[in-house]
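S.K.: Coordinates for the following, if possible.
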Amino acid sequence: MELVAYLDDSGTDEANPRLVVAGFAADVVQWSKFNDEVVLLDREFDAPPYHAKIFEKARHGHGPYSRWPDGKRREYLNRFLGIIRRRCFSSFATSLEKGVYENTIRRHQALREYFYSPFVFAAVNTIHAVRQWRDTVYPGDRLRFVFDKGNKNEGQLRDVGRVVVEAEHQVEDVAFGDDAELHPLRAADLLAFELCAEGRNASNPKYPYSRYGLIKLDEHPHDWVEIGEEVLLNKIAALINDGTFRIEEQVQPAGEPAPISPNPGIAPPN
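M.R.: Below you'll find the model as predicted:
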């Protein structure tokens with residue numbers, strides 16, 4: 001069986017406290033059925049290619065969906081969610097607190113080079129989660145990844161993707177596509193958008209409840225990880241303990257972190 005995971009990112013702008021990489025995995029048979037059903041849905045509703053941010057703007061009277069009555073938008077969303085839940089095996093996501101990245105990783109060149117940019121860090125973490133799921137549930141099956149194109153750090157992820165493919169023969173490709181052409185990336189866009197909104201609203205007392213779309217997707221099998229300060233510090237501590245990094249022994253000015261450097265002789269991560 002050949003598995004494909006379609007992933008998208010959200011939250012790269014300054015207004016969002018978290019950067020999210022999220023999406024869905026299924027086999028090629030189910031993705032084919034997914035495509036057919038979404039095409040029929042869009043034809044029935046005379047809908048443009050789904051994009052979560054544009055769909056959301058309709059609530060405020062903007063964009064092509066604003067011409068739809070509220071009931072039509074609700075029905076379209078429910079049926080799109082139904083297709084996702086019926087055809088996708090599981091969803092995966094990494095929500096990275098950007099402030100924690102800036103305060104913990106950005107200040108150390110060695111950590112920046114190891115963890116990459118926030119987008120690539122979250123993308124690689126999600127790739128590993130999908131691989132672990134595949135190894136547990138569908139051991140030995142081939143796996144491909146397709147990311148929505150357009151992130152400014154896409155080139156860095158392409159480089160990392162080549163390393164992933166070379167390191168594991170059962171991962172065949174880490175590629176990029178356009179959600180205007182690939183229907184599964186629209187599902188990934190929806191999940192990434194909803195998880196990003198969840199992170200943005202978490203500190204806002206005006207929005208104490210999760211949004212409808214996320215509640216429905218939460219009922220579907222998923223592996224959603226939040227990376228905050230505690231999780232990230234534990235990751236770094238483990239790397240120091242296993243010898244990947246070392247803390248330099250020198251006096252630092254008040255308020256400055258102790259330098260962290262790679263340990264000589266330790267190979268870079270795969």
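S.K.: Only C-alpha atoms from now on, for both contacts and neighbour counts.
M.R.: Fine.
S.K.: Just give me the neighbour total for the residue nearest to T94 when sequence neighbours are not counted.
M.R.: Spatial nearest neighbour of T94, excluding adjacent residues (Cα to Cα, 6 or more residues apart in numbering): V225 at 4.8 Å. Under the neighbour criterion other Cα atoms under 10 Å, V225 is assigned a count of 18.
S.K.: what about the helices in this protein?
M.R.: Assigned by DSSP state H, the helices in the chain fall at 28-45, 52-57, 70-87, 98-104, 109-115, 118-137, 154-167, 183-201, 212-218, 229-241.
S.K.: so where's this structure uncertain?
M.R.: 208, 247-270 (pLDDT under 70).
S.K.: who's in contact with T126?
M.R.: Going by Cα atoms under 8 Å, 6 or more residues apart in numbering, T126 touches 21-22, 92-94.
S.K.: Taking these, tell me the two that lie furthest apart.
M.R.: For these, the farthest-apart pair by Cα to Cα is V21 and F92; their separation is 8.3 Å.
S.K.: Which of those two has more residues huddled nearby?
M.R.: When neighbours are counted by other Cα under 10 Å, V21 comes out ahead of the other of V21 and F92, with 34 against 26.
S.K.: In space, what's closest to the more buried one - neighbours in sequence excluded?
M.R.: Leaving aside its sequence neighbours, V21 is closest to D9 (4.3 Å, by Cα to Cα, 6+ apart).
S.K.: surely the one you found meets F92?
M.R.: No - because the distance of 11.8 Å does not satisfy Cα atoms under 8 Å, D9 is recorded as not touching F92.
S.K.: that older thread, measure the residue nearest to T94 to L182 for me?
M.R.: 25 Å (Cα to Cα, to the nearest Å).
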